[in-house]
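> From the sequence below, what's the structure:
(4 chains)
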Number of protein chains: 4
Amino acid sequence: METREQLLASGRAAKDAGATILRAGAYKPRTSPYSFSGHGPSALTLLREVADELQMPFVTEVMDTADLDLVAEHADAVQVGARNMHNFALLRAVGGCGKPVVLKRGLSATIEELLLAAEYILGSGNEQVILCERGIRTFETATRNTLDLNAVPYIKRKSHLPVLVDPSHGTGVRDLVTPMALAAAACGADGIMVEVHENPPAALSDGAQSLYPDQFAEMVQALRPVAQAVGRSL
Amino acid sequence: METREQLLASGRAAKDAGATILRAGAYKPRTSPYSFSGHGPSALTLLREVADELQMPFVTEVMDTADLDLVAEHADAVQVGARNMHNFALLRAVGGCGKPVVLKRGLSATIEELLLAAEYILGSGNEQVILCERGIRTFETATRNTLDLNAVPYIKRKSHLPVLVDPSHGTGVRDLVTPMALAAAACGADGIMVEVHENPPAALSDGAQSLYPDQFAEMVQALRPVAQAVGRSL
Amino acid sequence: METREQLLASGRAAKDAGATILRAGAYKPRTSPYSFSGHGPSALTLLREVADELQMPFVTEVMDTADLDLVAEHADAVQVGARNMHNFALLRAVGGCGKPVVLKRGLSATIEELLLAAEYILGSGNEQVILCERGIRTFETATRNTLDLNAVPYIKRKSHLPVLVDPSHGTGVRDLVTPMALAAAACGADGIMVEVHENPPAALSDGAQSLYPDQFAEMVQALRPVAQAVGRSL
Amino acid sequence: METREQLLASGRAAKDAGATILRAGAYKPRTSPYSFSGHGPSALTLLREVADELQMPFVTEVMDTADLDLVAEHADAVQVGARNMHNFALLRAVGGCGKPVVLKRGLSATIEELLLAAEYILGSGNEQVILCERGIRTFETATRNTLDLNAVPYIKRKSHLPVLVDPSHGTGVRDLVTPMALAAAACGADGIMVEVHENPPAALSDGAQSLYPDQFAEMVQALRPVAQAVGRSL
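Numbers count the residues shown, from 1 in each chain, chains lettered A, B, ... in the order given. Below is the predicted model:
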């Protein structure tokens, strides 16, 4: 989330195109301390208002146990990001927050480690855990990360937990997002999480991987027949 | 290829299920010198006979410039395997062999390096180059390799060359082959290369990733609607 | 730290052999929630007592901003572990804790990201940052991690910050710890951090990479001439 | 090798500074077919002449079984490069060539695979195999490769074969070559292989990692006390 207007516009376009859940950040993890890192607490109220106006549930990232109560109070679901997948204090804490948790795979976490991280949350009493494959770090530099879709059917055979795929971070390249979303649907993903921005070149973060609203609408159109081909629906 | 009977049985079953090209090895690259490494020249004649009997074209791997003439004389297409993607003498040689070349991505080759390896073949006068994504080496150990499907739409945007996907090597796990074949089709692959064996547990190599003929037939059935969903056909 | 006796014995042996700083854990990050994860707050008091008895400063890991005040009150220096190198809330917090911070490189963090993580701490007002190379995650499985000693001279040329090397985690194999400690000293490391245990096979964690006290003493003996050869001293 | 003059000058400077073996390329593996790839057969005669004039044995790379007889006839030892470590036909062939073989670790080869590749040569009757660690491919981009020095003590404990280290390719950065050469010596390497060029900025390949002759002389000076510190001599 950058501004109320930006979020409302992107969110409405996404909803009209078929999106069912809104994800937007109040706290934004950044490799450099000098990059835009979100508006923090003040954004949570705005996120709640926008989500209510759009009549969509929203999920947002929590980065610190100290912020969890505030985040869980406003959001419909909380996200533990890739860089915090091994933040065990946070995993235990979200296990007690009473809201569904989207747990993203760490940049260099094995599938087994992702399942064990989920175990921290489950073991703390929260059964609403949703896993998310978002690409791993490899030697390849043409793409930002290597989307490890092997993880999807592997996890579906090992665990009962739902699995999302994030092809935006998993590729880092706008033109690859839709084909990889289709691939994710084809191999059994339970949902797709993508970044959409009204004006990606002006985005304060992740612009290169954000879809234009039109592209998002096209992606949803393309997803329907693929989902249907594997016995699912959108 | 292990025996004429094994190959004929597996090949016929695969053809009946929808396979259009036969791949079988006379020369087999093995990490250890003490593993089964193929029957060599004598297998080439048998492969030709079996392919003719099945009325399928066949592709087989060449591992040394010294064997190329013999291989090219028997096979309909030659394969340069992942471990030889950077064998530049071989790349130049197959560039002059007059047969189509299937070029597999090296275990740690970037997509850019794969395209440059193709350039060796194209630059030697052979325009019939088919690329093959077969998984890359990463830290993940749950699967034999990490199938990098990002490479498929990336290459389709950078190059006019057709791209195959090999989910057998790309996963190393039989149960993951079909879902990943579907994913490959969904993101734009032009073909799927998989291993099929009448009796995988008894296979002399790669048994854990070989499909039973029944599974192969199911995979083909599952592929049809996915291919159709993205505007292709089998 | 497992028990007061174990720590005192290992610590005294290490000190007698030449160790100057004690590192022991009250909070222990574990991939699985079912592994021993440290004794928590109660261990901090014991660690302080043992350190005072040994007359050694001690450093211990902090895993959550909520624990920081307690940890900083007891310890002489705090450690941010590899799995929390991208826990930006924690980085900012230790930037204000008034104690030196040992920052370990993340399992898949680039050297540049390590320097930017340090920037979070420095930018929050704490100039006492010590970096630690502890191995990165690669495809190699013979060792637990790949100790990236390239990072040592690279960082020494880019930054004024001191660099430690942890060959225990960097190899995961007891017999490799001493040769890699020597290598670290030879390429310019400012210190070595190793695990020592009175009885490694009985250790509750990391036993396979812990030195016996005798081996530690031998390592220190071997380090002296290497340090001297590159113009340093122990 | 670029020209006779360049090689003679660099070789003489290196010999004066303490080098004992000359390595220069007649065949040069290049990722792109449009890069300088060596002068081929004609260079072998020149290399022999220069080596004789310098009274140094020389080692040079062989890239194809078809070239092996010619290479082995001229050179004192042959090198199998990283990109050919899994070229099994070549491994078997050099096993019968009667000259010592320097076998470089593949870019993504595990240590175990390197030892098995050596087994191909040993099993073909050639006991003079020298292994060479030259860096592996990882996610790190600050350096060209990640020099895996863990491999040195690991191999020394598993095998009787001598181990060289190539810090030029292992870092790709001139300023890191000397510290990593010292590290290699400290952890037990039996030799160091580095690139030296009279005028690195003008080199036709690998200039960024080539030492100036003065730097090479300084490296040798710095190596002596480190080697001595671990009980070895130059």
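> The closest residue to residue A:88 other than its chain neighbours: what secondary structure?
If the residues on either side of it in the chain are set aside, residue A:88 comes closest to residue C:29, at 5.6 Å by CB to CB, 6 or more residues apart in numbering or on different chains. Using the backbone N, CA and C atoms, a C-beta is placed for each residue, glycine as well. Secondary structure, DSSP: H, G, I helix; E, B strand; the rest coil: residue C:29 is coil.
> Could you list which residues are in contact with the nearest residue to residue A:96 once chain neighbours are set aside?
Counting by CB to CB, 6+ apart, residue A:96 lies nearest to residue A:124, which is 5.4 Å off, once chain neighbours are set aside. For residue A:124, the contact set (CB atoms under 8 Å, 6 or more residues apart in numbering or on different chains) comprises A:91-96.
> cutoff 6 Å now
A:92, A:95-96 (CB atoms under 6 Å, 6 or more residues apart in numbering or on different chains).
> And those residues, which of them are buried?
A:92, A:95 (16 or more other CB atoms under 10 Å in any protein chain shown).
> possible to save the contacts of residue A:124 as JSON lines with secondary structure?
Below are the contacts of residue A:124 laid out as JSON lines (three-state DSSP):
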{"residue": "A:92", "secondary structure": "helix"}
{"residue": "A:95", "secondary structure": "coil"}
{"residue": "A:96", "secondary structure": "coil"}
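> can you list the residues of chain A near chain C?
For chain A, the residues in contact with chain C (CB under 6 Å from any CB of the partner chain) are A:29, A:31-33, A:63-66, A:83, A:86-89, A:107-108, A:113, A:116, A:119-120, A:123, A:137.
> Tell me the buried residues in stretch A:42-55?
A:43-44, A:46-48, A:50-51, A:54.
> send the alpha carbons of that stretch over as CSV?
Provided in CSV are the C-alpha atoms of stretch A:42-55 (Å, rounded to 0.1, in the frame of the first residue of the first chain):
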residue,chain,number,x,y,z
SER,A,42,-1.4,4.0,10.3
ALA,A,43,-1.7,1.9,7.2
LEU,A,44,-3.6,-0.8,9.1
THR,A,45,-6.6,1.3,9.7
LEU,A,46,-6.7,2.5,6.1
LEU,A,47,-6.3,-1.1,4.9
ARG,A,48,-9.3,-2.2,7.0
GLU,A,49,-11.4,0.7,5.6
VAL,A,50,-10.4,-0.1,2.0
ALA,A,51,-11.1,-3.8,2.4
ASP,A,52,-14.5,-3.0,3.9
GLU,A,53,-15.3,-0.6,1.1
LEU,A,54,-14.3,-3.3,-1.4
GLN,A,55,-16.0,-6.0,0.6
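> now it: mean pLDDT?
Stretch A:42-55 shows an average pLDDT of 94 in the prediction.
> Tell me the buried residues within the residues of chain A next to chain C.
Buried members of the residues of chain A next to chain C, scored by 16+ other CB under 10 Å, are A:29, A:31, A:33, A:63-65, A:83, A:86-89, A:107-108, A:113, A:116, A:119-120, A:137.
> what residues are up against the residue most central in space within chain A?
The residue lying closest to the centre of chain A (CA atoms, centre = their mean) is residue A:193, at 5.0 Å. Residue A:193 is in contact with A:164, A:166, counting by CB under 6 Å, 6+ apart.
> Could you give the backbone dihedrals for it?
phi -120, psi 120 (degrees, to the nearest 10).
> now residue A:163
Dihedral angles (degrees, to the nearest 10) for residue A:163: phi -130, psi 120.
> Equivalent analysis for residue A:189, please.
According to degrees, to the nearest 10, residue A:189 has phi -60, psi 150.
> And the pLDDT at the residue nearest to the centre of chain A?
Taking residue A:193 on its own, its pLDDT is 97.
> any idea how far residue C:31 is from residue A:112?
Distance, residue A:112 to residue C:31, by CB to CB, to the nearest Å: 8 Å.
> again but with residue A:22, I slipped
For residue A:22, the distance to residue C:31 - CB to CB - is 32 Å.
> can you list the residues of chain A near chain B?
Counting by CB under 6 Å from any CB, chain A sits next to chain B at A:108, A:110-111, A:138-140, A:142-143, A:146-150, A:153-154, A:171, A:176, A:179-180, A:182-183, A:186-188, A:225-226, A:229.
> what do you get if the cut-off is 7 Å, keeping everything else the same?
Selection of chain A residues close to chain B by CB under 7 Å from any CB of the partner chain yields A:108, A:110-112, A:136, A:138-143, A:146-150, A:153-154, A:157, A:171, A:175-176, A:179-180, A:182-183, A:185-188, A:225-226, A:229-230.
> can you tell me the helix or strand for the closest residue to residue A:74 other than its chain neighbours?
Closest residue in space to residue A:74, ignoring its immediate chain neighbours: residue A:44 at 4.2 Å, by CB to CB, 6+ apart. In this structure, residue A:44 sits in helix A:41-54 according to DSSP states H and E.
> That's all I had, so thanks and see you.
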